[in-house]
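# below are the sequence and a predicted model; questions follow.
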Amino acid sequence: MPRGALIGAALLVGFTVTTIPLARHYEVGRLETAALVDAPESRMLVFTPLPGGEMLVSDEQGHQLTRLVVEGDTFAMTAVRALAMQQPLRDEASEYHLLVQRDAGGHLELADPETGRAVKLEGFGRASVDAFAGYLDRSHG
């Protein structure tokens, strides 16, 4: 085997061995049981799939907040669909009720009250947090 391939393989193994513990420590992309009652700041949102892959976002009263589009809101739609896939009747659902919540430490998560699953958004970067933080900010303004 060529020397360059061996070095590359060793670097890949080293990267993997380092990244896995870090991801576990910082709970990157982890689905876990949501602490729905402990969040001091939260807002229930209703996500309705639309033709063409877009999604309509409304509050519980049915007021339209925004429309997620494929070209710019890929992370938000993927996070919603990941949680929706955990629901037992997902194929029959015409909309998904999910909770955006911020804990006392300021950490944001997207939670599904039906399944008790949550995604901590900080692990996906600032733009991902901002994609959902605006819904909480708008609920107080």
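Nice, I can see it.
# quick one, strands of this structure?
Taking DSSP state E, the strands of the chain run over residues 31-33, 41-49, 55-59, 64-68, 96-102, 108-112, 117-120.
# so can I have CSV of the ones you listed showing mean neighbour count?
Where you see a C-beta, it was placed from the backbone N, CA and C, and this is true even at glycine. Output for the strands of the chain, formatted as CSV (neighbours: other CB atoms under 10 Å):
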stretch, mean neighbour count
strand 31-33, 13
strand 41-49, 18
strand 55-59, 17
strand 64-68, 15
strand 96-102, 20
strand 108-112, 23
strand 117-120, 22
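# and those strands, which one's lowest on average pLDDT?
With a mean of 49, strand 31-33 has the lowest mean pLDDT of the strands of the chain.
# which pLDDT does the model give the residue nearest to A76 when sequence neighbours are not counted?
The shortest distance from A76 to any non-neighbouring residue, by CB to CB, 6 or more residues apart in numbering, is to A131 (4.5 Å). pLDDT, the model's per-residue confidence, is 82 for A131.
# A131: how many residues sit nearby?
Applying other CB atoms under 10 Å, we find 23 other residues in the vicinity of A131.
# before we move on, back to that, L11: which of the strands of the chain is closest?
strand 117-120 (28.8 Å; CB to CB).
# can I get that closest one in PDB, CA atoms only?
Only the C-alpha atoms of strand 117-120 are listed here, as PDB (Å, rounded to 0.1, in the frame of the first residue of the first chain):
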ATOM      1  CA  ARG A 117     -37.800  13.800  21.600                       C
ATOM      2  CA  ALA A 118     -35.700  17.000  21.200                       C
ATOM      3  CA  VAL A 119     -32.800  18.300  19.100                       C
ATOM      4  CA  LYS A 120     -30.300  20.700  20.700                       C
END
